[in-house]
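**Student:** Any chance you can model this:
(2 chains)
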2 protein chains.
Amino acid sequence: MAEPIDFWFDFSSPYGYLLSEKIDELAARFGRKVRWHPILLGIVFKATGSAPLTLQNEAKARYSVNDFARSARFMGLAYRHPDKFPLATQNAARAYYWLHGQDCALARQFAHAVYRALFVDNRDISAPDTVLEIAAKLGVDRSSLENALQAPDIKEGLKQAVDAALAAGVFGSPHVIIDGEHFFGADRLPQIERWLESGGF
Amino acid sequence: MAEPIDFWFDFSSPYGYLLSEKIDELAARFGRKVRWHPILLGIVFKATGSAPLTLQNEAKARYSVNDFARSARFMGLAYRHPDKFPLATQNAARAYYWLHGQDCALARQFAHAVYRALFVDNRDISAPDTVLEIAAKLGVDRSSLENALQAPDIKEGLKQAVDAALAAGVFGSPHVIIDGEHFFGADRLPQIERWLESGGF
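**Tutor:** From the prediction side, this is the model:
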């Protein structure tokens, strides 16, 4: 059986959200699973000397906000640019890894719910309360998760995920790795498809 | 008749080369012309606080060199990453504007020849001699062009093109503007196609 695809992303990444809505289905068509890895782009950018698209320069910021929404329409997805953007995502990412340790299908559902809360419903997912509410709606015990968000091993787990991303050569979000081949950006979806179809091109 | 499409690019831009091989034909399918505007990305990057993809960080540089070639294969185009990269393009851009003042079809042929010299034949297009040789092969008088490369009005024309790019909101290469809508990157080709097809989406 083929190795799973690795999907690295930050919960505050618009193109990460777009790809998250497509990657599992695409991979499944080629008998592949996807491993999801939320990371903190702030640390990645600090390590690589980069910055969020909307904080680089005015022309690029203006372009990017328009392109997020246009790319969503192009891909048939809902998108509303959040009022709070960019924003911190360590609570959402920690919750993901804690859930993943218990129920990986539930963690996937949670990740979709977080992305849609931010990029469709304009929720402030940086707030622990929002993260807890999203998880509670999926049947997660709120106080257990509240404790987990402060647990040293969960914090350490996220730190290790970011270190692993940097070690793998990840420099942004979304970043997909298939059998050692890297694809950066939601706009690489057609190349990912051809790669899976042909085993490289 | 619909307004021409504006295509801004630097002769040292791999994705600019990829798009240059597709944009005229695509536009023609929708009855549109394309205005080509070579610019100097160095000045644009200085103004916007950016840098070439291969000079940002090691992971991104490695990714980009692989992605240039893979994107070319994906688009059915030849590509060989140049030994000298990135490199200065003011001689090629000045030659383009001088030729354009005399024969715009010839200028277009010259632009294709410069891009292919760099990204297929691994030529050092920063050297005036290479630019002169490429033009001479298209029947251009070598010594007239040699003088033009140093002519103050030609230098000024290129400077004005870069200023116009910045004023239009151009922040990289390739950058396409259709009826006020901006598309950045060769990977926006499918969105450009849908935009031309539907008059927006």
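**Student:** Confidence-wise, which helix or strand of chain A is lowest on average?
**Tutor:** helix A:41-48 (a mean of 92; mean pLDDT, DSSP states H and E).
**Student:** What's the mean pLDDT across whatever helix or strand comes next after that one?
**Tutor:** Next along the chain after helix A:41-48, taking DSSP states H and E as the criterion, comes helix A:58-74. The average pLDDT within helix A:58-74 is 97.
**Student:** quick one: helix A:58-74 to helix B:41-48, angle?
**Tutor:** Here the directions of helix A:58-74 and helix B:41-48 differ by 100 degrees (axes from the mean of the first three to the mean of the last three CA atoms, to 10 degrees).
**Student:** and helix A:58-74, how far from the chain's centre?
**Tutor:** Averaging C-alpha positions (CA atoms, centre = their mean, to the nearest Å) puts helix A:58-74 18 Å from its chain's average.
**Student:** Same check on stretch A:158-168?
**Tutor:** 14 Å.
**Student:** Check which residues of that stretch are buried.
**Tutor:** A:158, A:161-162, A:165 (16 or more other CB atoms under 10 Å in any protein chain shown). Glycine gets a C-beta too; all of them are placed from N, C-alpha and C.
**Student:** Just those residues: which are in helices?
**Tutor:** Using DSSP state H, A:158, A:161-162, A:165 are the members of the buried residues of stretch A:158-168 that sit in helices.
**Student:** which bits of chain A sit near chain B?
**Tutor:** Residues of chain A lying near chain B by CB under 8 Å from any CB of the partner chain: A:48-50, A:56-57, A:59-60, A:62-63, A:66-67, A:70-71, A:73-74, A:166, A:169-172, A:182, A:184-185, A:187-188, A:190-191, A:194, A:201.
**Student:** rerun that using 6 Å as the cut-off
**Tutor:** A:48-49, A:57, A:59-60, A:63, A:73-74, A:169, A:171, A:182, A:184, A:187, A:191, A:201 (CB under 6 Å from any CB of the partner chain).
**Student:** quick one: which of the residues you listed has the most company?
**Tutor:** For these, the largest number of neighbours (other CB atoms under 10 Å in any protein chain shown) sits with residue A:171, at 26 neighbours.
**Student:** That one touches residue A:46, doesn't it?
**Tutor:** No: in this structure, residue A:171 is not within contact of residue A:46 by CB atoms under 6 Å, at 11.7 Å.
**Student:** Would you map the strands across chain A?
**Tutor:** Assigned by DSSP state E, chain A shows strands spanning A:5-9, A:34-38, A:175-178, A:181-184.
**Student:** The nearest residue to residue A:93 once chain neighbours are set aside bridge partners, please.
**Tutor:** Distances taken as CB to CB, 6 or more residues apart in numbering or on different chains place residue A:38 nearest to residue A:93, at 4.1 Å, with adjacent residues excluded. Per DSSP bridges, residues listed as beta-bridge partners of residue A:38: residue A:9.
**Student:** Go ahead and confirm residue A:38 touches residue A:97.
**Tutor:** No: the criterion here is CB under 6 Å, and residue A:38 misses it with residue A:97 at 7.5 Å.
**Student:** Cool, thanks, talk later.
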